[in-house]
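Undergrad: I would like to see how this sequence folds:
(one chain, ligands or ions: 1)
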Amino acid sequence: METAGQIQDLILGARRFYENIEPDEPSVTLIHSGERLLGMLSDNLGTYTGKCLTEMGVKIIFKSRVRAVTARTVQLGDGVSLSATLVVCTVGNAPHPQVKALGASGGLPVERGKVVVESSGQVKGLTNVWSAGDCAAFPKSDGGNCPETAQFAMRQGALVAKNIAASFAGRALKPFRFTGLGELATIGHRKAVAQVFGMRFSGIIAWFMWRSIYLMKLPGFDRKLRVMAEWSFEMFFPRDINLLTPSFSSPLGEMHLEPGDSLFHAGEPAQSLYAVKKGNVNITDAQGQLVKSAGPGEHFGERALLSDGIWRFDATATESSELVAIDGETFKTLAKSIGSLDSLFRGTAQQYHLPEEIQQTVDMIPEATRKACAADVMTRNIAFLDANVTVQDAVAEFQAHPHSTYPVTADGCVIGLLRRSVAYEWLKNHGLTCVDKLQALPLTKPFCITADTPVPVLVGTLMRSGVSKAVVV
Ligand SMILES: Cc1cc2nc3c(=O)[nH]c(=O)nc-3n(C[C@H](O)[C@H](O)[C@H](O)COP(=O)(O)OP(=O)(O)OC[C@H]3O[C@@H](n4cnc5c(N)ncnc54)[C@H](O)[C@@H]3O)c2cc1C
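TA: All right, here's what the predicted structure looks like:
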């Protein structure tokens, strides 16, 4: 809530420098699972906070939870999808893994990620272990457990230190009696809400209280003075707006896409190479024809980055997908410096052909062949290897004939393709006397097309798949 208010305040302050920006753009949306804001404060203050934020232009969605955050959207539990370029997540912290591990091993009593302690801070059932702060389920003297806030954590820490000293000295342990001073929250635009010692404040008075209390809490006189001067200056002058355009801070980024999410459109500038970790992304041309379907372990984006830097096609996730984005400049530097990497990516970049380029190739084929289908033009007598022959026999075959790849068959069916390099690599790793059968080797999945595929379609498919041969089924 405070973050949403501050961002909206910043937008309102910056808008005067950007007259071409529409009044409702950019907009801030606050998604809250509860029925009203600030559940720990009174109903009136919660409702007042919601009203102030709405008046400032913040859209609030109540009783809703975020299901997924993708590179461009926030998807809600009820199926609503919101476009978003900046997502700030302020949901609570997860339990510390160390605490969870201690609980799981039975070393400490842990409930809902917190160490269960007595009112003295002594861990339940143990005399020489103590816990305080956010990681402790510390009982509150007026019922329930203490909230995870600094005002409780600091006092628990001090009490636990005194109680440890008391336990060494054989004195009685003191219980935690603090029940809280109150709660404060800023809404932005010199407005805040506060509930202190049972009294409620809102508006500019609460805002002054908020500032004074946080100023007092700052460590060091010099820091207090610096912040006070900055805050006083800011009361009389508008925000000092500076546009920072930081360069890509990390060469690698990860992103999540939901089915149907668009990653980029044709004509947009290309900024990254993408590798698919999980899921699938379809690259389609302007006619909606599939150019490439990138699954786990596959990549795309190299054509645009190695040529004009503009996407030629659209990219859309067809499944819930996890991608790794490699910064375009980093990728280009790497490709330029490592020759083999450059040739590899220039090779795979050939797969992204425009419909016109495919048509040009098709036009060069004699008309009679153009009207034929795959069954008419395929080679029928092909050399193949049986899955039961040994890798040594396969290497002898590669030495005797110039083929770089052989189909491997079992019971009359093609079960995969054996590449020359794979057979040699296998012998290198498993010894020259190795007699493993071909079925044990990592065979490549054959690229298949149906016998009735028309030759123009066949040409386009081969050009876009980057293979020179296909198995006809
Ligand atoms: C964004 C945000 C805003 C907040 N605003 C407020 C507020 O306005 N008012 C308020 O009262 N409270 C606020 N809180 C809550 C408050 O910060 C915490 O309740 C308080 O800091 C808890 O203190 P602690 O000592 O238990 O834990 P922490 O302050 O989290 O300290 C734990 C320390 O342990 C260290 N640590 C972690 N693992 C290990 C390890 N394995 N070995 C050694 N050290 C380790 C951590 O680095 C850290 O320094 C806010 C919290 C957040 C996240």
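Undergrad: ends of stretch 113-129, how far apart?
TA: 17 Å (C-alpha to C-alpha, to the nearest Å).
Undergrad: buried sites along it?
TA: Within stretch 113-129, the residues that count as buried by 16 or more other C-beta atoms under 10 Å are Gly113, Lys114, Val115, Val116, Val117, Glu118, Ser119, Ser120, Gly121, Gln122, Val123, Val129. C-beta here means a position set from N, CA and C on the backbone, and glycine is covered the same way.
Undergrad: And for stretch 259-270?
TA: For stretch 259-270, using 16+ other C-beta under 10 Å, the buried residues are Asp261, Leu263, Phe264, Ala270.
Undergrad: need the residues of the stretch 151-300 of the chain near the ligand, please.
TA: Selection of the stretch 151-300 of the chain residues close to the ligand by C-beta under 6 Å from any ligand atom yields Gln151, Ala153.
Undergrad: the strands in the stretch 151-300 of the chain, which residues?
TA: 182-188, 191-196, 199-203, 252-257, 262-264, 272-278, 281-284, 290-294, 299-300 (DSSP state E, counting those that start in this stretch).
Undergrad: Restrict the fourth one to CA atoms and write it as CSV.
TA: The reference is to strand 252-257. Only the C-alpha atoms of strand 252-257 are listed here, as CSV (Å, rounded to 0.1, in the frame of the first residue of the first chain):
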residue,chain,number,x,y,z
LEU,A,252,21.3,-13.0,-18.0
GLY,A,253,17.7,-12.7,-16.9
GLU,A,254,15.0,-15.3,-16.4
MET,A,255,11.3,-14.8,-17.3
HIS,A,256,8.1,-16.6,-17.1
LEU,A,257,5.4,-16.7,-19.8
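Undergrad: Quick one: mean pLDDT over that strand.
TA: Per-region confidence: strand 252-257 scores 89 on mean pLDDT.
Undergrad: could you check the angle strand 272-278 makes with that strand?
TA: 60 degrees (axes from the mean of the first three to the mean of the last three C-alpha atoms, to 10 degrees).
Undergrad: now strand 252-257, how far from the chain's geometric center?
TA: 4 Å (C-alpha atoms, centre = their mean, to the nearest Å).
Undergrad: what's next to it, contact-wise?
TA: 68-71, 263, 272, 277, 279, 281, 317, 320-327 (C-beta atoms under 8 Å, 6 or more residues apart in numbering).
Undergrad: Show me which of the residues you listed are buried.
TA: Of the contacts of strand 252-257, these count as buried by 16+ other C-beta under 10 Å: Thr70, Ala71, Leu263, Ser272, Gly279, Val281, Ala317, Ser321, Leu323, Ala325, Ile326, Asp327.
Undergrad: tell me the contacts of whatever residue of the chain ends up closest to the ligand?
TA: Here the chain gets closest to the ligand at one residue, Gly133, 2.1 Å apart by C-beta to the nearest ligand atom. Going by C-beta under 8 Å, 6+ apart, Gly133 touches Ala153, Gln156, Gly157.
Undergrad: Also Thr49?
TA: Thr49 neighbours (C-beta under 8 Å, 6+ apart): Met1, Leu37, Leu38, Leu41, Ala185, Ile187, Val193.
Undergrad: coming back round to it: out of the buried ones among the contacts of strand 252-257, who's nearest Leu344?
TA: The closest of the buried ones among the contacts of strand 252-257 to Leu344 turns out to be Ile326 (C-beta to C-beta; 14.0 Å).
Undergrad: Rounded mean pLDDT for the host helix or strand of that closest one, please.
TA: If you go by DSSP states H and E, Ile326 is part of strand 321-327. Throughout strand 321-327, pLDDT has a mean value of 94.
Undergrad: and the protein, what are its domains?
TA: 2-91+181-236, 97-169, 252-352, 359-472 (automatic domain parsing).
Undergrad: how distant is the second one from the center of its chain?
TA: Its chain's C-alpha centre lies 34 Å from the corresponding centre of domain 97-169 when counted by C-alpha atoms, centre = their mean.
Undergrad: Can you give me the first-to-last residue distance of it?
TA: Per C-alpha to C-alpha, domain 97-169 runs 34 Å from first to last residue.
Undergrad: Please enumerate the helices of the stretch 351-473 of the chain.
TA: 355-363, 367-370, 374-377, 391-400, 420-430, 455-465 (DSSP state H, counting those that start in this stretch).
Undergrad: Any idea which of those gets closest to Asp342?
TA: Counting by C-beta to C-beta, Asp342 lies closest to helix 420-430 out of these; the figure is 19.7 Å.
Undergrad: Tell me which other helices or strands that closest one touches.
TA: helix 391-400 (3 or more C-beta pairs under 8 Å, 6 or more residues apart in numbering; DSSP states H and E).
Undergrad: How about the contacts made by the spatially closest residue to Gly460 that is not a sequence neighbour?
TA: Sequence neighbours aside, Ile358 is the residue nearest to Gly460 in space, at 4.3 Å (criterion: C-beta to C-beta, 6 or more residues apart in numbering). The contact partners of Ile358, taken as C-beta under 8 Å, 6+ apart, are Pro456, Val459, Gly460, Met463, Arg464.
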